[in-house]
Every structure is written in C-alpha cells, then in structure tokens.
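Enquirer: Sequence plus predicted model, see below.
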Amino acid sequence: MFTITRHLPINAATTALREDVLQGLTAAQKSLPPKWFYDARGSELFEEITHLPEYYPTNAEREILAAHSTEIAAAIAVHTLVELGSGSSEKTRLLLTALRENGNLRRYVPVDVSESALRSAATGLLKNYQNLAIHALVADFQSGFVVPPTDGPMMLAFLGGTIGNFFPDERAHFLASIRDMSQPGDALLLGTDLVKDEQTLVAAYNDVTGVTAAFHKNLLSVLNRELAADFNPEMFEHVALWNAESEWIEMRLRSLRQQTINFPTLGLSVPFARDEELRTEISAKFRKEGIRAELAAAGYTLKYWWTDVAERYALSLSVVG
Ligand code: SAH
Ligand code: AVI
C-alpha cells in the first residue's frame with residue numbers, strides 16, 4: 001500500500017524560496033540553503049554523484065548497512081521506519097529487508113522535499129516489499145515537520161551524511177526536535193561522514209567530470225524557473241574548499257565576471273562582483289566523540305558505532321534517554 005501526503009502547502013516552495021532569496025542574496029555574504037538543489041533534475045544529479053568514483057560516502061554507508069543491518073534489526077524490534085531525506089531509498093533496502101526478516105516492520109515513512117524522488121523510490125520498493133505500508137511525506141525536515149503517530153517502536157533513519165549539511169546550531173536544533181518527537185524505546189540511526197585527508201574530501205566535492213558542479217549550478221536553474229531570474233549558470237564556477245578549523249567542506253558558486261541578476265517577480269536586482277561567491281552548501285565531517293556529545297546534548301545515548309573497513313564513514317545507533 002502506498003500513500004503520499006504533502007506537508008507543504010502547494011505554493012510553500014515558492015513562498016519559502018522567495019524569502020530565502022530575499023534574505024540570502026541581499027546579505028553581505030551571499031548564501032542559499034541546500035534544500036533548493038533538489039527539484040527533479042537536482043535529485044537525478046545527486047544520484048549521479050553517488051555513482052562517481054570520487055564520492056565514497058554512498059558506497060561506504062552501503063558497506064556498513066550490508067554488514068550490520070541484521071545487528072541493527074536485532075537491537076530494536078521496529079514497527080515503523082521513518083527516514084528523513086530518503087531520496088532514492090536505494091541503500092535503505094538493506095535495512096528494510098533486515099527489519100522485516102528479523103523484526104516486526106510494518107510501515108516505512110520516507111520523508112523528503114523532493115516529491116519526484118519519493119514517488120520513484122516508492123514505485124520501486126512496492127515491487128519488492130508487497131506487505132509493507134509505505135506512507136511518503138513531502139515535507140521540510142527542518143521546519144514544521146511532525147513524525148506521524150506510530151503504534152510501536154520507531155526507528156528514525158537519517159542517512160547519507162545529510163546531517164553534515166547543517167551548521168552546528170542547526171544540528172543541535174534538529175537533533176533536539178526529532179528527540180522531542182520520539183518516545184522512550186525509539187531509536188536514531190545516523191550516518192556521518194568522518195574527518196579525513198583534505199585531498200580525498202576535496203575530490204569528493206569537486207569531481208573531475210563536473211557532476212557536482214552541475215548539481216550546484218542546478219540551484220541557479222531552479223531560481224530561473226521558479227522566480228523568473230536570469231542567471232547564466234555558465235557565468236559561475238563551482239568551488240569546494242576544506243575548512244580545517246570547522247572541519248567542513250564549503251561549497252560556493254563563484255561569479256566569473258561582474259554581473260547583475262534580476263528577479264522581476266521580487267522586484268530585486270542582485271549585483272555580483274567578479275569572483276564574488278554565493279555559499280551553496282557545507283558538508284561537515286565528524287569524529288566519534290563529537291557525535292556522541294551532540295547526541296547526548298539532545299537526549300540520545302549512542303549504543304553502537306560501525307564504520308566501513310577503510311574507516312571513512314560511520315553509522316551510529318542511538319536510543320532515546
Ligand atoms: N538519503 C539518501 C539521499 C541523500 S541526498 C542517500 O543517502 O543517498 C539528501 C536528500 O535530502 C535529498 O533526497 C533531498 O531531497 C533531501 N532534503 C534536503 N533538504 C531537505 C529538507 N530540508 N527537508 C526534507 N528533505 C530534504
Ligand atoms: C546530501 N549530502 C549528504 C551530500 C553531501 O555529501 O554533503 C550533498 C552533496 N553535495 C555535493 N556532493 C554531495
């Protein structure tokens with residue numbers, strides 16, 4: 001059975017995008033939140049990224065799920081799996097299979113801003129998991145999102161290292177808010193990319209074939225389509241830098257010339273100096289003790305910590321309390 005519920009009003013995307021543009025592109029340091037990458041084209045480009053030889057996190061997380069999903073299923077008899085930022089749900093299959101075979105799984109609730117990703121993931125899953133109720137939610141997991149009521153233990157999964165796309169204050173707020181939506185006995189399965197050498201990290205976020213650049217420039221195409229802006233994506237270049245102090249990759253779109261971008265629907269013109277940068281995304285990298293402390297501050301106790309054999313990436317299982 002498949003149902004899909006929109007937790008965003010029909011024009012919420014445009015309204016929220018207008019607000020983000022008015023705020024982010026008029027600030028001294030221009031920036032936009034990364035959720036706007038993920039229209040149908042952006043979701044496809046992210047899937048392409050996951051197949052790049054440089055982009056190790058997806059394979060590393062899949063390796064961990066393949067090795068430990070049975071253990072995860074044995075640790076908690078989950079009734080509902082809620083997955084935030086589920087995208088293609090491709091790796092999640094390993095978890096769904098284990099939770100079904102070794103536990104009590106009845107319902108899967110994928111949550112994503114990308115309706116196209118949710119629909120295509122569910123279409124594929126329904127073929128293999130006939131008795132599973134799939135209740136997809138089109139929602140922003142950072143604002144106004146509410147976990148649907150469950151009548152048994154719930155596991156919240158937040159995979160792919162997407163928590164790294166939050167700033168530290170956003171992470172604290174997010175973890176506290178999902179903790180507040182959970183009950184004693186519920187669990188959090190969290191994927192986190194780990195700190196490693198700069199060369200590996202920069203290559204993962206600036207691949208030689210330019211797929212990551214196209215993914216980031218897709219943001220400009222979203223602004224052109226949704227707000228009738230007049231960006232020429234070719235007049236920007238993708239930049240990825242390692243910030244060693246904050247331990248995150250910073251990604252930006254750098255203007256290749258002096259130019260003014262017009263947003264007629266907002267009555268706004270945005271000047272870019274040559275080499276001026278629009279900050280598009282951070283991707284924070286973690287260490288075990290830092291994650292343990294952040295989880296504890298939100299009311300979670302870290303119970304299990306698994307890494308891939310090369311120790312590039314970690315999956316942790318925490319419980320409420
Ligand atoms: N979990 C998948 C996809 C990661 S890509 C994997 O591991 O491969 C990040 C996903 O989060 C995308 O599907 C994107 O559409 C979704 N996303 C990004 N920001 C979001 C937000 N604020 N609310 C809900 N979903 C979001
Ligand atoms: C979704 N998220 C975990 C990706 C990451 O690795 O930070 C987004 C991404 N941006 C560029 N490449 C991948």
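Expert: Great, that's in hand. Ligands and ions are numbered 1, 2, ... in the order given.
Enquirer: Residues touching stretch 221-232, excluding its own?
Expert: Residues outside stretch 221-232 that contact it (CB atoms under 8 Å, 6 or more residues apart in numbering): 13-14, 17-18, 21, 36-37, 39, 41-42, 220, 233, 259, 261-266. For every residue, glycine as well, the C-beta is placed using N, CA and C.
Enquirer: Among those, which ones are in helices?
Expert: In this view, the contacts of stretch 221-232 that belong to helices under DSSP state H are Ala13, Thr14, Leu17, Arg18, Val21, Arg41, Gly42, Leu220.
Enquirer: Just give me the closest of the residues you listed to Arg179.
Expert: Out of these, the one with the shortest distance to Arg179 is Ala13. That distance is 27.4 Å, counting by CB to CB.
Enquirer: Mind picking the two most distant members of the ones in helices among the contacts of stretch 221-232?
Expert: Checking the ones in helices among the contacts of stretch 221-232 with CB to CB, the most distant pair is Arg18 and Arg41, at 20.4 Å.
Enquirer: Using ChimeraX, make a named selection holding only the buried ones among the contacts of stretch 221-232.
Expert: Buried subset of the contacts of stretch 221-232, written as a ChimeraX selection, criterion 16 or more other CB atoms under 10 Å:
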select :13,17,18,21,36,37,39,41,42,220,233,259,261,263,266
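Enquirer: Could you give me the buried positions within the helix or strand where Ala296 lies?
Expert: Element membership for Ala296 (DSSP states H and E) is helix 288-298. For helix 288-298, the neighbour count (16+ other CB under 10 Å) marks Ile291, Arg292, Glu294, Leu295, Ala298 as buried.
Enquirer: quick one: that helix to chain centroid distance?
Expert: When C-alpha coordinates are averaged (CA atoms, centre = their mean, to the nearest Å), helix 288-298 and its chain have centres 19 Å apart.
Enquirer: helices or strands next to it in the packing?
Expert: Contact analysis of helix 288-298 by 3 or more CB pairs under 8 Å, 6 or more residues apart in numbering; DSSP states H and E lists helix 168-180, strand 187-193, strand 300-307, strand 313-320 as its packing neighbours.
Enquirer: Need the winner for burial among those.
Expert: Per residue and on average, the most neighbours among those fall to strand 187-193, with a mean of 24 (mean count of other CB atoms under 10 Å).
Enquirer: okay, it in PDB with CA atoms only?
Expert: Coordinates of the C-alpha atoms in strand 187-193 are reproduced here as PDB (Å, rounded to 0.1, in the frame of the first residue of the first chain):
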ATOM      1  CA  ALA A 187      16.000   4.800  18.100                       C
ATOM      2  CA  LEU A 188      18.000   7.000  15.800                       C
ATOM      3  CA  LEU A 189      20.200   5.600  13.000                       C
ATOM      4  CA  LEU A 190      22.500   8.300  11.900                       C
ATOM      5  CA  GLY A 191      25.000   8.300   9.000                       C
ATOM      6  CA  THR A 192      28.000  10.600   9.400                       C
ATOM      7  CA  ASP A 193      31.000  11.100   7.200                       C
END
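Enquirer: Could you say which helix or strand holds the residue lying closest to Gly42 once chain neighbours are set aside?
Expert: Computed as CB to CB, 6 or more residues apart in numbering, the closest residue to Gly42 that is not its neighbour in sequence is Asn218, at 4.7 Å. Under the criterion DSSP H and E, the helix or strand holding Asn218 is helix 211-227.
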